[in-house]
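Asker: here are the coordinates; sequence isn't available:
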């Protein structure tokens, strides 16, 4: 599979990029055979370019005894959902991290959006100050642990917390496809 983003014109062409792991990729990305092609392509690119490299980095940090915190930003403002059909896009959390939501281009942020921004900003401030995102009044964000399939999610309902990482099979096939021989 090529480095960076991939492109394909069909599910078959996309799955062929996984070589001898084609069936494993199909099970991970299209288990029921009904996944929309555009969604599959978006997930493969998201996993390949951002999600698996983040997990890889967290594993390397913890293997050296350094703490790592892994997160999944799933929140999409109601005003943005028409453009983000498959979930939050790359860097869509940045305005929330810095609590810098600005109404523009007919996008109006809700009270829930503002609460998510305050929540995320609290974690980032704590991390910048102490190296640990946790703080008073915030749901516990656990250290990354490779033995536990868990990620800290900023959820669509505006809450946050550790959950089972349902992307595991997808990330595993991405990892195996690119591991050094």
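Answerer: Nice, thanks for sending it over. Model, not experiment: these values are computed from the prediction.

Asker: Run through who's touching the longest helix anywhere in the chain.
Answerer: Longest helix in the chain, counting residues (DSSP state H): helix 111-130. Contact with helix 111-130 is made by 69, 75, 77, 93, 95-101, 132-135, 137-138, 141, 154, 158, 160, as judged by Cβ atoms under 8 Å, 6 or more residues apart in numbering. The C-beta positions use only the backbone N, C-alpha and C, and glycine is treated the same way.

Asker: Now with 10 Å, please.
Answerer: Identification of contacts with helix 111-130 by Cβ atoms under 10 Å, 6 or more residues apart in numbering yields 69, 71, 73, 75-80, 93-101, 107, 109-110, 132-139, 141, 152, 154-160.

Asker: Show me what counts as buried in it.
Answerer: When burial is assessed from 16 or more other Cβ atoms under 10 Å, helix 111-130 yields the following buried residues: 113, 116-117, 119-120, 122-123, 126.

Asker: Turn these into JSON lines, columns for distance to residue 164.
Answerer: Shown next, in JSON lines, are the buried residues of helix 111-130 (distance: Cβ to Cβ, whole Å):
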{"residue": "113", "distance to residue 164": "26"}
{"residue": "116", "distance to residue 164": "21"}
{"residue": "117", "distance to residue 164": "26"}
{"residue": "119", "distance to residue 164": "21"}
{"residue": "120", "distance to residue 164": "21"}
{"residue": "122", "distance to residue 164": "24"}
{"residue": "123", "distance to residue 164": "20"}
{"residue": "126", "distance to residue 164": "24"}
